[in-house]
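Novice: sequence and predicted structure, then a few things I'm wondering about:
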Amino acid sequence: MESFGGELFGGRFRPDLLDPVPGPFPGLDADSEAFLARLRDFCTGKVDGALIERDGRIPDEVIAGLKDIGAFRIKIPREYGGLGLPGLCYLRALQVVNTTHSALGELLAAHQAIGLPQPVLLFGTDEQKREFLPRCAREISAFTLTEPDIGNDPFRMRTTAVPGPAGSYTLNGVKSWVTNGVLADLIVVMAMVPEAGMTAFVVEARSPGVTVEHRGEFLGLRGLENGVVRLHDVVVPASHRIGDEGKGLEVALAAQDTGRLSLPSVCAAAAKWSLKIAREWSRVRVQWDRPIGEHEAVAAKISFIAATAFALEAIVEITGRHADNGANTHMEAELAKLFASEKAWQVADELLQIRGGRGFETAASAAARGERGVPVEQLLRDLRVGRIFDGSTEALRGFIAAEALEVPESAVAPAEPAALDDFGPLAAHLRFVERTCRNVAQHVAHGRSRWADDLPQRQLFLGRLVDITAELYAMSVSCVYAKTRAETAVALADAFCHQSRLRVAELFGRLWANTDDHDRALSTGVLADRYRWLEEGILDPSIEGPWIADPPPGPSQHENLHRRVA
């Protein structure tokens, strides 16, 4: 199935794949709006985000309340006890809970985006849907793929699933950084079946041999129930296998396709809140007899935040609606995750700079001094992991580039110029996208001729082309989204596109004029200990231990930290 992002990489600008956008703007159906209203009321009246941040834990009554209003079953079909609401409603719900506290967004996303509901809906049998989906309406699920020595490279997986009697499997292994792992009732486990390969299983968290050995603590996302899960001789019936043996990677990737729209939604919410704080603060803070927002240096930051917030909302709304409509949004989701996680981090950093020393101070500290407690430093900490979670920036660039290189050279011939008259003043930006995507395809062809089979190893070259394409995608959805909004949206889209075009020009300028060769040579010298003298005169506060833990096999030697919330 054709997709706008895939076509863009092939040098073909296809606005018909984005516009017209399915569904009305900006509203959702009445059931979705009613649910979002209940969720907002619950978050404002029953949830104390500062308490979660202080204690590093989501209270049981908050989790129970979210269950009661249906927050764990937004997309589960009604026939299985869910609310049966569209994906866009779920994405907007994430924005509500995430601006209450970021750990709430992770709690819901880990369950509904990549947890059990999505794999069962996509690959489960009718019997599995009847058994598990009603449970997922109130029980919490987690997804386990990562291990101590694997992240974006799942083929090194060491967790095994050995076939046994009556079609059962015995699972052994240790899974790291399992979001919701401490709370989960049901766990999707990826394990290697001998001779067949990676396979997905549903594991009951209270099964004998399942132990939550550690609850992680992180730079941000305090309250995140993320842990290490050991499986020792865990017997799983064949009826709990999702899909065929050896199809686990397919299950994981399909879940990620929809899951990757969760993070852009969280990033859009962060940017929108940043805009609110920047607007309010920059009018009351006075320097040199003028509000700081009137100073050009700050005004540029406000403009960047506003334009980027609009683009991130456009990505969520446009891509989300097309996904709900059954369009192929695989490439778009990857581009969205890459772009949103990078830009939201920059937005938060600029907001902290606007706030100055108050941005570096915690909200609790500011409130204790008698000022408004604005958690900007928390935002920066919480957003940073977005560039790592669900495919790091570097890994995503590689995945996207690999897909782009699979497009046959004969298929990159430009399409007929698109009709853009109804875009008004934004048409010029879309013409830029049209020209530039052909330029990207030409640079890919040039790279093939220069490096031949070594092209996939030119990660920096390909990464810049991926970043250019992500900018082109963001420009395109911004222009399409502006058509559906108030007239003032055109100014936001126009500003974003002008900023984006400058970034594209810079990336093109570094395609062939860069320090890549020097950087590789210097890095080789560093790794060969050639420059260890530069490290003299400092102390290393690291706690001694192996760089990568190699968990011993066998039963757990730790207390089970699993926490069940009724």
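Specialist: On my side now, so go ahead.
Novice: C-alpha only now, for contacts and for neighbours.
Specialist: Fine.
Novice: which residue ranges form the strands in this structure?
Specialist: Ranges of strands in the chain, per DSSP state E, are 141-144, 160-163, 169-179, 186-193, 197-204, 210-215, 226-236, 241-242, 286-287, 290-291.
Novice: for those, give me TSV that also has mean neighbour count.
Specialist: As requested, the strands of the chain are exported to TSV (neighbours: other C-alpha atoms under 10 Å):
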stretch	mean neighbour count
strand 141-144	28
strand 160-163	20
strand 169-179	24
strand 186-193	25
strand 197-204	23
strand 210-215	22
strand 226-236	23
strand 241-242	24
strand 286-287	12
strand 290-291	14
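Novice: need the ones you listed in CSV with distance to V347 and mean pLDDT, can you?
Specialist: Listed next are the strands of the chain as CSV, based on distance: least, C-alpha to C-alpha, whole Å; pLDDT from 0 to 100:
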stretch, distance to V347, mean pLDDT
strand 141-144, 30, 95
strand 160-163, 42, 96
strand 169-179, 25, 96
strand 186-193, 34, 96
strand 197-204, 38, 96
strand 210-215, 30, 96
strand 226-236, 26, 96
strand 241-242, 40, 96
strand 286-287, 22, 92
strand 290-291, 20, 94
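Novice: in TSV: the ones you listed, plus distance to C437.
Specialist: Conversion of the strands of the chain to TSV gives the following (distance: least, C-alpha to C-alpha, whole Å):
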stretch	distance to C437
strand 141-144	36
strand 160-163	44
strand 169-179	37
strand 186-193	37
strand 197-204	36
strand 210-215	45
strand 226-236	40
strand 241-242	39
strand 286-287	44
strand 290-291	41
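Novice: closest one to R450 among those strands?
Specialist: Set against R450 and scored by C-alpha to C-alpha, these come closest in strand 197-204, at 36.4 Å.
Novice: quick one, that closest one and strand 210-215 angle?
Specialist: Between strand 197-204 and strand 210-215, the angle comes out at 90 degrees (axes from the mean of the first three to the mean of the last three C-alpha atoms, to 10 degrees).
Novice: mind listing what the closest residue to F72 other than its chain neighbours touches?
Specialist: Distances taken as C-alpha to C-alpha, 6 or more residues apart in numbering put A137 closest to F72, at 5.7 Å, once the chain neighbours are dropped. Residues in contact with A137 (C-alpha atoms under 8 Å, 6 or more residues apart in numbering) are K67, G70, F72, R73, I76, G81, G82.
Novice: looking at neighbours, which among those residues is most surrounded?
Specialist: Using other C-alpha atoms under 10 Å as the neighbour criterion, R73 leads those with 29 neighbours.
Novice: quick one: contacts for that residue?
Specialist: By C-alpha under 8 Å, 6+ apart, R73 lies in contact with G81, G82, L83, G84, Q112, C136, A137, R138.
Novice: do that again at 6 Å, thanks
Specialist: G82, L83, A137 (C-alpha atoms under 6 Å, 6 or more residues apart in numbering).
Novice: equivalent analysis for H443, please.
Specialist: H443 sits next to no residue when contact means C-alpha under 6 Å, 6+ apart.
Novice: can you rerun that using 10 Å?
Specialist: Counting by C-alpha atoms under 10 Å, 6 or more residues apart in numbering, H443 makes contact with C437, S449, F461, L462, L465, F508, L511, W512.
Novice: ok, now R78?
Specialist: R78 neighbours (C-alpha under 10 Å, 6+ apart): G84, L85, P134.
Novice: identify the residues contacting the last one.
Specialist: Taking C-alpha under 10 Å, 6+ apart as the definition of contact, the neighbours of P134 are R73, I76, P77, R78, E79, Y80, G81, G82, P117.
Novice: rerun at 7 Å
Specialist: By C-alpha atoms under 7 Å, 6 or more residues apart in numbering, the contact list for P134 reads Y80, G81.
Novice: and if you look at the first one?
Specialist: By C-alpha under 7 Å, 6+ apart, the contact list for G84 reads I74, K75, I76, P77, R78.
Novice: please repeat the previous calculation with a cut-off of 10 Å.
Specialist: So G84 contacts D31, S32, R73, I74, K75, I76, P77, R78 (C-alpha under 10 Å, 6+ apart).
Novice: so how far is F72 from it?
Specialist: Distance, G84 to F72, using C-alpha to C-alpha, to the nearest Å: 11 Å.
Novice: same check, this time on the last one
Specialist: When C-alpha to C-alpha is the yardstick, P134 and F72 sit 11 Å from each other.
Novice: likewise for the second one?
Specialist: Between L85 and F72 the computed distance is 12 Å (C-alpha to C-alpha).
Novice: pLDDT below threshold where in the stretch 51-200 of the chain?
Specialist: For the stretch 51-200 of the chain, the stretches with pLDDT under 70 are 151-152.
Novice: one more pass at 80, please.
Specialist: Applying pLDDT under 80 to the stretch 51-200 of the chain picks out residues 150-155.
Novice: what about the helices in it?
Specialist: 60-68, 87-98, 102-112, 117-123, 126-136 (DSSP state H, counting those that start in this stretch).
Novice: need the contact partners of the fourth one.
Specialist: Counting contacts by C-alpha under 10 Å, 6+ apart, the residues outside helix 117-123 that touch it are 72-73, 75-77, 111-113, 124, 126, 128-130, 132-137, 140-143, 188, 200, 202, 242-244, 247, 250-256, 258-259.
Novice: what's the offset of stretch 257-265 from the middle of its chain?
Specialist: 5 Å (C-alpha atoms, centre = their mean, to the nearest Å).
Novice: tell me the mean pLDDT over that stretch?
Specialist: For stretch 257-265, the mean per-residue pLDDT is 85.
Novice: tell me how far the ends of it are from each other?
Specialist: Stretch 257-265: ends 14 Å apart by C-alpha to C-alpha.
Novice: what's near enough to touch the closest residue to Q256 other than its chain neighbours?
Specialist: Excluding the flanking residues, the one nearest Q256 by C-alpha to C-alpha, 6+ apart is I114, at 6.2 Å. With contact set as C-alpha under 10 Å, 6+ apart, I114 has these partners: 108, 141-144, 188, 251-260, 262, 390.
Novice: ok, D31 next?
Specialist: Contact partners of D31, counting by C-alpha under 10 Å, 6+ apart, are A37, L83, G84, L85, P86, C89.
Novice: quick one: it and L18, what's the gap?
Specialist: Taking C-alpha to C-alpha as the measure, D31 falls 26 Å from L18.
Novice: for this structure, longest helix please?
Specialist: When the chain is parsed with DSSP state H, its longest helix is helix 296-324.
Novice: by contact count, what packs against that helix?
Specialist: helix 87-98, helix 248-259, helix 262-284, helix 330-355, helix 459-482, helix 488-512 (3 or more C-alpha pairs under 10 Å, 6 or more residues apart in numbering; DSSP states H and E).
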